[in-house]
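**Student:** Task: produce atomic coordinates for the following.
(one chain, ligands or ions: 1)
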Amino acid sequence: MASKVSLDVGDDGVGVIRIFNPPVNALAPPVLAGIKEKYVEAMRRDDVKAIVVIGENGRFSGGFDVRVFEHIHKTGDMNYLPEVSVDIVVNTIEDAKKPSVAAISGLALGGGLEIAMGCHARIATPGTQLGQPELTLGVIPGFGGTQRLPRLVGLPKAIQMMLERRLFNDLILTNSCKGLVHAFFAERAVSKIPNVTDVGLKPRPIRRAAVIGGGLMGSGIATALIRSDISVVLKEVNSAYLEKGMKAIAANLQGLVNRGSLTKEKMDKALSLLKGALDFSEFGKVDMVIEAVIENVPLKQSIFSEIEKVCPPHCILATNTSTIDLNIVGEKTSSQDRIVGAHFFSPAHVMPLLEIIRTEKTSAQVILDLMTVGKAIKKVPVVVGNCTAFAVNRTFFPYTQGALLLVSLGVDLFRVDRVISSFGMPMGPFQLQDVAGYGVAVAVRKMFSTAFSGRTFDSPLVDLMVANGRQGKANGKGYYIFEKGSKPKPDPSVQPIIQECIRLTNVMPGGKPVTLSDQEILEMVLFPVVNEACRVLDEGVVVRASDLDIACILGMSFPSYRGGIVFWADLVGPQYIYESLKKWEQAYGGFFKPSRYLEERANKGIPLAQSVLPSAQDPRARL
Ligand SMILES: C[C@H](O)CC(=O)SCCNC(=O)CCNC(=O)[C@H](O)C(C)(C)COP(=O)(O)OP(=O)(O)OC[C@H]1O[C@@H](n2cnc3c(N)ncnc32)[C@H](O)[C@@H]1OP(=O)(O)O
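**Tutor:** Okay, the predicted model is just below:
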């Protein structure tokens, strides 16, 4: 079909208007113009008595073409937005002299549903997805859906229609809409990996997996796999740990049932796919192993030597390490092409990000297979290169350290958390530390100061907390008090520990607490994160800047309406960020030293997100 909209008239006098704009029949301006044109033709033709509107290929329409929003964001040209609400939906469709019916299958979303609501009647196949998801893009329904949807359930059509329309136009230009539209496309772009997804490879089926370690991460990963019909052997070192792991998995599933996101039948089916093991005897049948033991290099190395021997030659050998270089993990094997990182974020059965780490030797087939598993278990897989802490944890290591530095400069710890929460993070860095447990913080600190020497801030605060019997949420006592049934409360009795930390670090200029505005606090925490993101981009750890954006949104819960760390930084302005960091470097030291990439872009006025080389297939990329 050459044209995006066609009209076929049958002997019965029914004119069928077909929308054809694969893959989701998005309503791009030419499609909307085509619908209008075909309606006009149908009105004119005597052989047309009634109209049926359908979408080709089993999908009515995924809504207005979101790329138009992108275009408007880039150009600021609102004229690109066609007049649909009145011109097409009211004047052309609703007021048509001949009756029209929307025949909906698959989905009718946003503008797609609004077109259907303009028709005189609607009929839908069972299971069709209907919705007005515009808010997830930062706008409201703009083709009259806000009026027609209530009207279809009894409310009169309102005169405010035009005013709404105006609100829709205003919202398109907000930074929230820009951020959300960017996040929408960023999420879809991650599935395109040069030399992996464009070289004709087919994913191999992964039906059986083994997970080594039934702790928090291992049990979460196993939960995610069995929930999506992949059978799992959970391996532990002794029966007590194994029992604990199996119980944790059952509890994870029960939690999903309690929240209504899983049926009891599906939970039972998932549990039937789970088997416990204390040795490797079952590993000869698995397609993939995910190791999820503690961050201990010799232990991981010995596990990889063992699984290389017992698993079939096609089996993917994955590690859930969050920080350790994969080349070190696989050093004692000769299967480097099958070694890959499968970094889940806790809780693994809930958090949507799967960071896939590849080394120079990981095969394209293995990456593609793991991407496919990721999608099957309803995660968003983001492929990144191999470096200490990989893309997300590396980018965010200065987040906690910047907050710790502020505390050492005399800024109230709870104020830091409040400022960061009001920016849109679900919680501040200190509450996050309480929730995640101090073990992680202690384990990664040394690794960061070795790998990122000269740009870390080494605070003793967590050690002091532990020495004072505090373990965060784990024992109910951290910076906050955790009591069952109530929200975490700031604990004033933590102050002497903070004072001791301030004394030990001794970084206050002139020994006096610094005075900062909320804005400065925010920037002193987030600009160092932007700075590290620049290094991640510079080293080619991600294929494209938007991959880092979506990884931060899904892995760190960076607010999606801010579009991700790089997108947000470009809105703030690289030059302002660079100058601020430079100023703080002079006042407080190397932690704030601007990276070469940031400096260059600030000086040349180039956005941080812009690829350095002409294509995403940067030969320097570590991918
Ligand atoms: C004025 C109006 O009120 C305003 C609007 O209508 S705003 C738009 C409202 N509609 C939406 O928000 C729906 C957005 N789309 C979706 O949720 C999902 O794409 C979907 C449920 C339609 C299909 O999901 P799925 O089958 O998993 O396919 P998915 O990978 O997401 O999309 C397939 C392709 O279609 C594109 N696409 C999907 N919806 C689109 C849209 N509305 N506009 C432009 N492109 C769209 C995607 O970018 C992707 O492109 P790619 O292959 O080049 O990466």
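**Student:** On the three-state scheme, T362 is what?
**Tutor:** coil (DSSP: H, G, I helix; E, B strand; the rest coil).
**Student:** Kindly report the same for I356.
**Tutor:** Secondary structure of I356, reduced to three states by three-state DSSP: strand.
**Student:** ok, it - how many residues close by?
**Tutor:** As a burial measure, I356 scores 26 neighbours (other CB atoms under 10 Å). Placement of C-beta: from N, CA and C, glycine included.
**Student:** Please report how far it lies from P381.
**Tutor:** For I356, the distance to P381 under the criterion CB to CB, to the nearest Å works out to 5 Å.
**Student:** for G118, same thing?
**Tutor:** 39 Å.
**Student:** neighbour count winner among those two?
**Tutor:** Between G118 and P381, counted using other CB under 10 Å, G118 has the larger neighbour count: 27 against 20.
**Student:** was I right about the more buried one contacting G145?
**Tutor:** No: contact criterion CB atoms under 8 Å: G118 and G145 do not qualify, at 9.7 Å.
**Student:** Where does the stretch 451-600 of the chain get nearest to the ligand, which residue?
**Tutor:** Using CB to the nearest ligand atom, S546 is the residue of the stretch 451-600 of the chain that sits closest to the ligand, at 11.8 Å.
**Student:** Which element, helix or strand, includes that residue?
**Tutor:** In the assignment (DSSP states H and E), S546 maps to helix 545-556.
**Student:** for that helix, packing partners?
**Tutor:** If contacts are counted by 3 or more CB pairs under 8 Å, 6 or more residues apart in numbering; DSSP states H and E, helix 545-556 sits against helix 175-189, strand 353-358, strand 380-385, helix 392-395, helix 518-538, helix 565-572.
**Student:** Nearest spatial neighbour of the residue nearest the centre of the chain, chain-adjacent residues omitted?
**Tutor:** Within the chain, one residue has its C-alpha closest to the average C-alpha position: by CA atoms, centre = their mean, that is L554, at 2.6 Å. Spatial nearest neighbour of L554, chain neighbours left out: L353 (3.8 Å); criterion: CB to CB, 6 or more residues apart in numbering.
**Student:** returning to that earlier point: quick check: closest non-adjacent residue to the residue of the stretch 451-600 of the chain closest to the ligand.
**Tutor:** A186 (3.7 Å).
**Student:** The one you found and G330, how far apart?
**Tutor:** When CB to CB is the yardstick, A186 and G330 sit 30 Å from each other.
**Student:** Most proximal residue of the stretch 301-450 of the chain with respect to the ligand?
**Tutor:** Among residues of the stretch 301-450 of the chain, the one nearest the ligand by CB to the nearest ligand atom turns out to be K375. It sits 9.2 Å away.
**Student:** thinking that residue is in contact with L368, fair?
**Tutor:** No: contact criterion CB under 8 Å: K375 and L368 do not qualify, at 10.8 Å.
**Student:** ok, these two, which is more surrounded?
**Tutor:** L368 (20 against 15).
**Student:** how about that one, secondary structure?
**Tutor:** Secondary structure assignment for L368 (three-state DSSP): helix.
**Student:** centre of the chain versus the helix or strand harbouring H73, how much separation?
**Tutor:** Here H73 is covered by helix 66-75, with elements defined by DSSP H and E. Chain-centre distance of helix 66-75: 21 Å, with CA atoms, centre = their mean, to the nearest Å.
**Student:** mind listing what the next helix-or-strand element following that helix pairs with, with the direction of each?
**Tutor:** Sequence-wise, the next helix or strand downstream of helix 66-75 (DSSP H and E) is strand 100-104. Sheet pairing of strand 100-104 (DSSP bridges) gives strand 50-55 (parallel), strand 121-124 (parallel).
**Student:** In contact with the closest residue to the ligand within the chain: list those residues for me.
**Tutor:** When CB to the nearest ligand atom is the measure, the chain has its nearest residue to the ligand at G110, with 2.5 Å between them. Applying CB atoms under 8 Å, 6 or more residues apart in numbering, one finds that G110 lies in contact with G62, G63, F64, G131, Q132, P133, E134, P141, G145.
**Student:** ok, and of those residues, which contact the ligand?
**Tutor:** When these are checked against the ligand using CB under 6 Å from any ligand atom, the ones in range are G62, G63, F64, P133, E134, P141, G145.
**Student:** K264 against V257, yeah?
**Tutor:** Yes: A contact is recorded between K264 and V257 when judged using CB under 8 Å, the distance being 5.8 Å.
**Student:** Those two - which one has more neighbours?
**Tutor:** Just comparing K264 and V257: by other CB under 10 Å the higher neighbour count belongs to V257, 15 against 10.
**Student:** and that one, what does it touch?
**Tutor:** V257 makes contact with T263, K264, M267, according to CB under 8 Å, 6+ apart.
**Student:** From these, list the ones also adjacent to the ligand.
**Tutor:** If you filter these for contact with the ligand, counting by CB under 6 Å from any ligand atom, you are left with nothing.
**Student:** Any chance of TSV for these, columns distance to L32?
**Tutor:** Shown next, in TSV, are these (distance: CB to CB, whole Å):
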residue	distance to L32
T263	40
K264	45
M267	45
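**Student:** Skip the chain neighbours and tell me the closest residue to A209.
**Tutor:** Looking at A209 with CB to CB, 6+ apart, the closest residue is M288, at 4.6 Å.
**Student:** That neighbour: what's it in contact with?
**Tutor:** Counting by CB under 8 Å, 6+ apart, M288 touches I206, R208, A209, A210, C315, I316, A318, D369, L370, V373.
**Student:** Could you report the distance from it to I212?
**Tutor:** Going from M288 to I212 by CB to CB gives 12 Å.
**Student:** Repeat that for L598.
**Tutor:** If you measure L598 against I212 using CB to CB, the figure is 40 Å.
**Student:** Which positions in the helix or strand hosting M371 come out as buried?
**Tutor:** Assignment of secondary structure by DSSP H and E places M371 within helix 364-376. Using 16 or more other CB atoms under 10 Å as the burial criterion, the residues of helix 364-376 that qualify are A364, Q365, V366, I367, L368, D369, L370, M371, T372, V373, G374, A376.
**Student:** interface residues of the stretch 1-150 of the chain facing the ligand?
**Tutor:** With CB under 6 Å from any ligand atom as the criterion, the stretch 1-150 of the chain comes near the ligand at residues 23-24, 26, 62-67, 107, 109-111, 114, 133-134, 137, 141-143, 145.
**Student:** Return the helix or strand in this protein with minimum mean pLDDT.
**Tutor:** One helix or strand of the chain scores below all others by mean pLDDT, DSSP states H and E: helix 161-172, with a mean of 68.
**Student:** Leaving out chain neighbours, which residue sits closest to the residue of the stretch 301-450 of the chain closest to the ligand?
**Tutor:** Leaving aside its sequence neighbours, K375 is closest to P381 (6.6 Å, by CB to CB, 6+ apart).
**Student:** which stretches of this structure aren't confidently modelled?
**Tutor:** Within the chain, the ranges that satisfy pLDDT under 70 run 1-2, 152-163, 165-166, 612-623.
**Student:** Show me it divided up by domain.
**Tutor:** In the domain annotation for the chain, the residue ranges read 2-173, 208-386, 394-604 (automatic domain parsing).
**Student:** returning to what we had before: could you check the distance from the residue of the stretch 301-450 of the chain closest to the ligand over to K269?
**Tutor:** When K375 is compared with K269 (using CB to CB), they lie 20 Å apart.
**Student:** which strand residues sit across from the residue nearest to L554 in the sheet?
**Tutor:** When bridges are assigned using DSSP bridges, the partners listed for L353 are V380.
**Student:** And for it, the neighbour number?
**Tutor:** Other residues close to L353 by other CB under 10 Å number 23.
**Student:** ok, it touching I377?
**Tutor:** No: L353 lies out of contact with I377 (CB under 8 Å); the separation is 11.8 Å.
**Student:** Kind regards, and thank you for your time.
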